[in-house]
Every structure is written in structure tokens, then in C-alpha cells.
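J.: 3D, please:
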Amino acid sequence: MGNPSLFPFFESTDCSDIVVVQINPIERKGIPKTPQAISDRINEIGFNSSLLKDLRSVEFVSRLIKKGVLSDTEYRDNHIHIIENQDALIPLGVSSKMNVEWKFLQHLRDIGRDTAENWLEKNFDQIGKQSTVDLTAMFNGVTPAL
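T.: Numbers count the residues shown, from 1 in each chain. Predicted coordinates for the structure are as follows:
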């Protein structure tokens, strides 16, 4: 089980902006050393795999459009935005996904609300104009060369 594919957004709407709310970290500092930490990291990697594949494809198509290899009339240069707050979520761990206590859910809602408000303050003017995440930098060294 993982993130749903982004590709339905490419054909079912004229909007070129895609907002990803990142819950699982893409990267973690350090190496997991306990069986639980290793299992948690495997879960995160598996959950993120389809998202990363789709984002790599978006980045690749964007580079092809910018180089004139693909026509921007046939392909769309999508604007990708990622809203995340790993500082608040990483300490919670994978086991928190099973926590349905009302106070904890309210805590998550508050983290999400604050994170979204901060993101909008910083990035609102870029919506509809450009990505707020540099996918080329994100995948530096792992993207196919042209």
C-alpha cells in the first residue's frame, strides 16, 4: 500500500498545480538500528515509492519540455507543491498511525493547519505560476540524463 498515483491529475483537470501533503519522510538522518526502526523505515520507503516514481516522471517531462524535446502544447509542465512538516511528524513514529485518540487527532489537525498556513504565507504567490519544490534538486544524481 502506498500513495495513490498522481497521473489521474494530469488528464482529468486543466489545473497545472498539484499539491502533495507529505506525511511520511522521504529521507531520514541516520541508519535504523532496531528491528522496529528498520520495519518503520521499510514501511515509509514502500509508502513513498509510487509518489517518488511519479515525481521523477514529472521532473523528467518538465526537463524535456524546457529543452524543446516535447511540445508544451501536447504535454503540460506541472507545478508541484509539497506541504510537509517533518520536524513535527518524524518524532511520532509509524505506530502513531494507529492512534485514534481524539486528543491526538486534534493535535494532528493543529499541526496540519499551522503547517498549511505557514506554507501559504510563503508560497501563495507561486501557485499557478511555478513549482514550489525543485524536483531536479530533489532527484539530483538519480534522474535520467538527456
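
J.: Can you name the element that comes right after the helix or strand of the chain with the lowest mean pLDDT?
T.: None of the helices or strands of the chain scores lower by mean pLDDT, DSSP states H and E than helix 7-11, at a mean of 77. Scanning forward in sequence from helix 7-11 by DSSP states H and E, the next helix or strand is strand 17-22.

J.: Show me which residues of the least confident helix or strand of the chain are buried.
T.: For helix 7-11, burial by neighbour count (16 or more other C-beta atoms under 10 Å) applies to 9-10. To be clear about C-beta, it is placed using only N, CA and C from the backbone, and glycine gets the same treatment.

J.: do stretch 82-93 as well
T.: Applying 16+ other C-beta under 10 Å to stretch 82-93 flags 82-85, 89 as buried.

J.: Count residues in the vicinity of N78, would you?
T.: 21 (other C-beta atoms under 10 Å).

J.: So what's the residue count around the closest residue to D40 other than its chain neighbours?
T.: Distances taken as C-beta to C-beta, 6 or more residues apart in numbering place V94 nearest to D40, at 4.1 Å, with adjacent residues excluded. For V94, the count of nearby residues is 16 (other C-beta under 10 Å).

J.: For V94, give me its contacts.
T.: 39-40, 43-44 (C-beta atoms under 8 Å, 6 or more residues apart in numbering).

J.: and if you look at E27?
T.: By C-beta under 8 Å, 6+ apart, E27 has no neighbours at all.

J.: Please identify the helix or strand for it.
T.: Counting by DSSP H and E, E27 is part of no helix or strand.

J.: and it, what are its phi and psi?
T.: With angles defined as degrees, to the nearest 10, E27 sits at phi -130, psi 150.

J.: where does it land on pLDDT?
T.: What the model reports for E27 is a pLDDT of 82.

J.: Relative to N3, how far out is it?
T.: Noted for E27: a distance of 16 Å to N3, by C-beta to C-beta, to the nearest Å.

J.: Would you map the strands across the chain?
T.: With DSSP state E as the criterion, the chain has strands at 17-22, 79-84.

J.: Deepest-packed of these, please.
T.: strand 79-84 (a mean of 19; mean count of other C-beta atoms under 10 Å).

J.: Alright, I will stop here.
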